[in-house]
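Q: A structural model of the following input is requested.
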Amino acid sequence: MCGRYASAKDPATLAAEFDAVDTMGDSAPDLDYNVAPTKDVVTVVQRHPRTPEGVDTGRTERTLRVMKWGLVPSWAKNAAGGAKMINARSESAAEKPAFRKSLAERRCIIPADGWFEWRRDKTAKQPFYTTPRDGGSLAMAGLWTTWRDRADPKAPILITCAVLTTDAVGPIADIHDRMPLLLAPGSWATWLDPDATDVTDVAELLAPPPLDLVDALEIRPVSQAVNSVRNNGPELLDPLKPDLDADLFSDRT
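A: Next comes the predicted model:
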């Protein structure tokens, strides 16, 4: 699964990296080294822009947008359940009422510098951070939707998202059996295409990433300070000291 990640690149950098227009303005989330569920996050979407009169322009535009992490289905009675809907299993999303419409029509990319995962060793849970070796961003496959409070028609529309997950592969599987569904740059256009509105259009992308993509990642143990959402700084990404590293990777019973 993916329950915490880092997103500490400024909007201009992300816009250039994902060939997108930054539409977030003052609503852009702060740089965050410990993104947790229900926080506002940066996403990449591609839609048909409309004129002020609501007419489809006939073209597509890729943009950076702010969404809340934790998907609230449009039919939900309230938004409270979003905190439990941060992930969607790629193998079953097409069958789940909460996710199937978004998988067909509302897909996004959730950029991340890397993600945290915990491995249980004896009585302790050790956090690990997985990040691209080259310093680039991960493109986590995401789903999004909108929700309106029927009890308050004047309330703003809530836009929420979830991270798709898949079976962990390569050395990542030694940490946890699940991982975010990572998209290679060559698949971004297909995944974001607003005119691809059938699940079969993206079915081949709903699979564990190729090993060459995984081989480009670095996995390192980090401080348990990340366990608390109150901690938020670049030191959370620092590797543990070598003597602690040796203990972590020694033979386990």
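
Q: make it CA atoms for all contacts and neighbour counts henceforth
A: OK.

Q: test my guess that residue 15 contacts residue 64.
A: Yes. Judged on CA atoms under 8 Å, residue 15 makes contact with residue 64 at a distance of 6.9 Å.

Q: who touches both of those two?
A: Common contacts of residue 15 and residue 64 (CA atoms under 8 Å, 6 or more residues apart in numbering): 21, 22.

Q: neighbour-wise, which of those two wins?
A: Between residue 15 and residue 64, counted using other CA atoms under 10 Å, the more crowded position is residue 64 (27 against 17).

Q: so that one, which state does it fall into?
A: On the three-state scheme (DSSP: H, G, I helix; E, B strand; the rest coil), residue 64 is labelled strand.

Q: next: the one 3 residues further on.
A: For residue 67, the secondary-structure state derived from three-state DSSP is strand.

Q: mind listing what it touches?
A: Each residue near residue 67 by CA under 8 Å, 6+ apart is listed here: 40, 41, 42, 43, 159, 160, 161.

Q: kindly report the same for residue 48.
A: Shown in contact with residue 48 (CA under 8 Å, 6+ apart): 56, 57, 58, 59, 60, 61, 194.

Q: pretty sure the last one is touching residue 46, no?
A: Read it as residue 194. Yes. If you go by CA under 8 Å, residue 194 and residue 46 touch, sitting 6.3 Å apart.

Q: measure the closest residue to residue 22 other than its chain neighbours to residue 222 for me?
A: Spatially, and ignoring its direct neighbours in sequence, residue 22 is nearest to residue 64 (4.9 Å; CA to CA, 6 or more residues apart in numbering). Distance of residue 64 to residue 222, given as CA to CA, to the nearest Å: 30 Å.

Q: quick one: the nearest residue to residue 177 once chain neighbours are set aside from residue 211, how far?
A: Using CA to CA, 6+ apart and skipping the chain neighbours, the partner closest in space to residue 177 is residue 168 (5.1 Å). Remark: distance between residue 168 and residue 211 (CA to CA) = 11 Å.

Q: which one of these two has more residues nearby?
A: A direct count of neighbours by other CA under 10 Å for residue 168 and residue 211 places residue 168 higher, at 20 against 11.

Q: pretty sure the more buried one contacts residue 208?
A: Yes. With contact defined as CA under 8 Å, residue 168 and residue 208 form a contacting pair (7.0 Å).

Q: and the buried ones among the contacts of residue 48, selectable in PyMOL?
A: Listed next is the PyMOL selection for buried residues among the contacts of residue 48, using 16 or more other CA atoms under 10 Å:
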select buried, resi 194
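
Q: show me which pair in the contacts of residue 48 is furthest apart.
A: Greatest spatial distance among the contacts of residue 48 (CA to CA): 57 and 194, at 13.4 Å.

Q: what are the phi and psi values for the closest residue to residue 62 other than its chain neighbours?
A: Distance criterion CA to CA, 6+ apart; nearest residue to residue 62, sequence neighbours excluded, is residue 46 at 4.1 Å. Backbone geometry at residue 46, expressed as degrees, to the nearest 10, gives phi -130, psi 120.

Q: how about the strands in the stretch 151-253 of the chain?
A: Secondary structure of the stretch 151-253 of the chain by DSSP state E, counting those that start in this stretch: the strands cover 158-167, 178-180, 217-221.

Q: so which of the ones you listed is the most surrounded?
A: strand 158-167 (a mean of 25; mean count of other CA atoms under 10 Å).

Q: output the below-cut-off pLDDT ranges for the stretch 151-253 of the chain.
A: Low-confidence segments of the stretch 151-253 of the chain (pLDDT under 70): 242-253.
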